[in-house]
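Q: sequence and predicted structure are below.
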Amino acid sequence: EKEEEGEEVKTLKRKVQLPCLLNVAMCKLKTGEKKEAIAACEKALALDGKCVKAHYRKGAAYAEMCLYEEARASFERVLEIDGGNTEAQRELARLKKAEERSDRQQRKAFG
């Protein structure tokens, strides 16, 4: 009986904490606190590793930090979970353009 109660408590905890952490991540993204947004997403993913919103917001934070590989990995994970996610597809296309722009700027700067 105690094991069942423990699972019920875990499930309830997950149901309550997950949306809160996702909201924290969104707020941190909107206020430019990208590292804090990533930390909130990591906590959310510890509760639910297949949480599309957490992967997406983590990718958005990485993209804003110009950490393209990490951002791509997050958006690709969204598509592994939800193959038809048009927002993640759009972000991956935007990411590719940003990378190309960055590469051009580096080549220009360093010859």
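A: Nice, thanks for sending it over.

Q: which helices and strands sit right next to the longest helix along the chain?
A: The single longest helix within the chain, with elements called by DSSP state H, is helix 2-30. Other elements packing on helix 2-30 under the criterion 3 or more C-beta pairs under 8 Å, 6 or more residues apart in numbering; DSSP states H and E are helix 34-47, helix 52-64. All C-beta atoms are positioned from the backbone trio N, CA, C, and that covers glycine.

Q: and it with helix 34-47, angle?
A: With axes from the mean of the first three to the mean of the last three C-alpha atoms, to 10 degrees as the basis, helix 2-30 and helix 34-47 are set at 160 degrees to each other.

Q: just the buried positions in helix 2-30, please.
A: 18, 21-22, 24-26, 28-29 (16 or more other C-beta atoms under 10 Å).

Q: could you do stretch 27-47 as well?
A: 28-29, 33-34, 36-41, 43-45, 47.

Q: mind checking how far it is from the chain centre?
A: For stretch 27-47, the separation from the chain centroid amounts to 8 Å (computed by C-alpha atoms, centre = their mean, to the nearest Å).

Q: stretch 17-25 now?
A: 12 Å.

Q: list the contacts of that stretch.
A: For stretch 17-25, the external contacting residues (C-beta atoms under 8 Å, 6 or more residues apart in numbering) are 36-38, 40-41, 43-44, 47-48, 51, 53-54, 57-58, 61.

Q: quick one: which two of these are the most distant?
A: Spatial extent of the contacts of stretch 17-25 (C-beta to C-beta) is set by the pair 36 and 48 at 19.5 Å.

Q: circling back: make a markdown table from the buried residues of helix 2-30 and add pLDDT to it.
A: Output for the buried residues of helix 2-30, formatted as a markdown table (pLDDT from 0 to 100):
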| residue | pLDDT |
| --- | --- |
| 18 | 96 |
| 21 | 98 |
| 22 | 98 |
| 24 | 98 |
| 25 | 98 |
| 26 | 98 |
| 28 | 98 |
| 29 | 97 |
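
Q: looking at those residues, which is nearest residue 108?
A: Nearest member of those to residue 108, counting by C-beta to C-beta, is residue 29, at 30.2 Å.

Q: alright, that wraps it up for me.
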